[in-house]
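> The sequence isn't on hand, but the structure is:
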């Protein structure tokens, strides 16, 4: 019985290690794919600009387009660093006022929401203090709000809801967009997964 128990524990540990290895290899492969596209575009535009004599305006256009790809690369590098940080080491939870934290996210969306005539509101009890990793919570909510504003119809409403469910806390971001197809809902948690040709996410 003891040998069997040890064998089972070792088997479980091996499966976990393999899952971690597979996840890292998939992340590296996806990251390499995402990096290749803007790099290829930059090289093509630079090659075209250098192929023959160009006017000052043509060179400015080529440089401006190349700069856009540099910005894309910087954003992707930031997402890669965020993803690596989220999977490295223990997460330390400290007393955090979730209502205040979520309100900061909501306020940060106001300029973009105003352009789209979308109303963003926060629904939840004030001074809602729980042990949490504030940076990760804020990043997750910011991502959800950014996604909601991309797909919410003009003039619609986005609601951030904070509530207690038993001993847990639920944070929900709801919009009136088309939503994620049911077949895609598990895959969206894979790093850089694309849903229906949309932008890669973390």
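Structure's in. What do you need? This is a predicted model, so every value here is computed, not measured.
> Going by C-alpha atoms from here, please, whenever you check contacts or count neighbours.
Fine.
> and the one helix or strand residue 32 maps to, what does it pack onto?
Assigned by DSSP states H and E, residue 32 falls within helix 2-51. Applying 3 or more CA pairs under 8 Å, 6 or more residues apart in numbering; DSSP states H and E, one finds that helix 2-51 contacts helix 56-86.
> and the helix it packs on with helix 2-51, angle?
170 degrees (axes from the mean of the first three to the mean of the last three CA atoms, to 10 degrees).
> roughly how far out does the next helix-or-strand element following helix 56-86 sit from the chain middle?
For helix 56-86, the following helix or strand on the C-terminal side (DSSP H and E) is strand 94-97. How far strand 94-97 lies from its chain's middle: 23 Å, per CA atoms, centre = their mean, to the nearest Å.
> before we move on, back to that, what about the helix holding residue 32, distance to the chain center?
With CA atoms, centre = their mean, you get 17 Å for helix 2-51.
> can you check stretch 142-153 too?
11 Å.
> average pLDDT for that stretch?
Mean per-residue pLDDT for stretch 142-153: 87.
> If you count neighbours, what's buried in that stretch?
Residues of stretch 142-153 classed as buried by neighbour count (16 or more other CA atoms under 10 Å): 142, 144-145, 147-149, 152-153.
> who's in contact with it?
105-106, 109, 112-113, 116, 118, 158, 173-178 (CA atoms under 8 Å, 6 or more residues apart in numbering).
> Phi first, then psi, for residue 132.
When read as degrees, to the nearest 10, the backbone of residue 132 gives phi -160, psi 160.
> same question, residue 155
According to degrees, to the nearest 10, residue 155 has phi 80, psi 10.
> Now do the same contact list for it.
So residue 155 contacts 116-119 (CA under 8 Å, 6+ apart).
> Just to check, residue 131 is in contact with residue 91?
No: contact criterion CA atoms under 8 Å: residue 131 and residue 91 do not qualify, at 11.1 Å.
> Please flag which of the contacts of stretch 142-153 sit within strands.
Using DSSP state E, the subset of those located in strands is 158, 173-174.
> Now flag whichever of the residues you listed is closest to residue 3.
residue 173 (48.8 Å; CA to CA).
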